[in-house]
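**Q** Pasting the sequence and the predicted model now:
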Amino acid sequence: MSDKVPYLFDTGAYKYAATWFDSEDVIASLSLPMIEALSGKSPRFRSFVMGFINQILSRNLVSLVGGKAMNTVTLHSVKSLLAGALSPLEDYLFWRKSLRSEGFFREMSRGTVASLVAGAGGSMIGDQLPGYL
C-alpha cells in the first residue's frame, strides 16, 4: 500500500498556488460585476475576469515593490488604488476604449471600490478556511 495520496487530494499544488492568489481575488472578481450592476452598467463576464486579474496583479506588484515596508492600512489602500487604475488601462489596451478623464476616473473608482470590498471580505473569509485547503 502506498503512502502517497492521490493527486486530487495532494496539497502541494495548492500551497504553491496560494502564494499567488487567495480568497480576496475571488471576491474581487465577484464584486466588480456587482458594482457595475449597481451603478447602472450591465455586468459582463469580462468584468469577472478583470476583477480577478487586477486583484492578483495589484497585490503581487505592491508586495514585490515594497509591501513589507508598509503598514497594513497603507498596503491595502495602495493595492486597491492600483487595482482600480488597472481597470481603465485594460479597457484601453485590450478593448480599444478611449481614455477620457471622466470615463477613466469612473472606471477607476469602480475597480478601487471592488478591491476595497474584496480586501475587507477576503481576509475574513480566508481566515475561516482550513489550512489544508
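**A** Cool, the structure landed.

**Q** Can you point out the helix or strand that includes the residue nearest in space to the middle of the chain?
**A** The centre of the chain sits closest to residue 55, judged by CA atoms, centre = their mean, with a distance of 2.1 Å. In this assignment (DSSP states H and E), residue 55 forms part of helix 45-65.

**Q** List the buried residues of that helix.
**A** Judged by neighbour count (16 or more other CB atoms under 10 Å), helix 45-65 contains these buried residues: 47-48, 50-59, 62. Every residue, glycine included, has its C-beta placed from N, CA and C.

**Q** can you check stretch 79-92 too?
**A** Going by neighbour count (16+ other CB under 10 Å), the buried part of stretch 79-92 is 79, 80, 81, 82, 83, 84, 85, 86, 87, 88, 90, 91.

**Q** Mind putting the residues you listed into a markdown table with pLDDT, secondary structure and distance to residue 72?
**A** A markdown table is the format used below for the buried residues of stretch 79-92 (pLDDT from 0 to 100; DSSP: H, G, I helix; E, B strand; the rest coil; distance: CB to CB, whole Å):
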| residue | pLDDT | secondary structure | distance to residue 72 |
| --- | --- | --- | --- |
| 79 | 86 | helix | 11 |
| 80 | 86 | helix | 13 |
| 81 | 88 | helix | 15 |
| 82 | 89 | helix | 16 |
| 83 | 87 | helix | 16 |
| 84 | 86 | helix | 19 |
| 85 | 87 | helix | 21 |
| 86 | 86 | helix | 21 |
| 87 | 83 | helix | 23 |
| 88 | 82 | helix | 27 |
| 90 | 80 | helix | 27 |
| 91 | 76 | helix | 30 |
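
**Q** Tell me the one among the residues you listed nearest to residue 30.
**A** residue 83 (14.0 Å; CB to CB).

**Q** wait, isn't that closest one in contact with residue 110?
**A** No. The criterion here is CB atoms under 8 Å, and residue 83 misses it with residue 110 at 10.4 Å.
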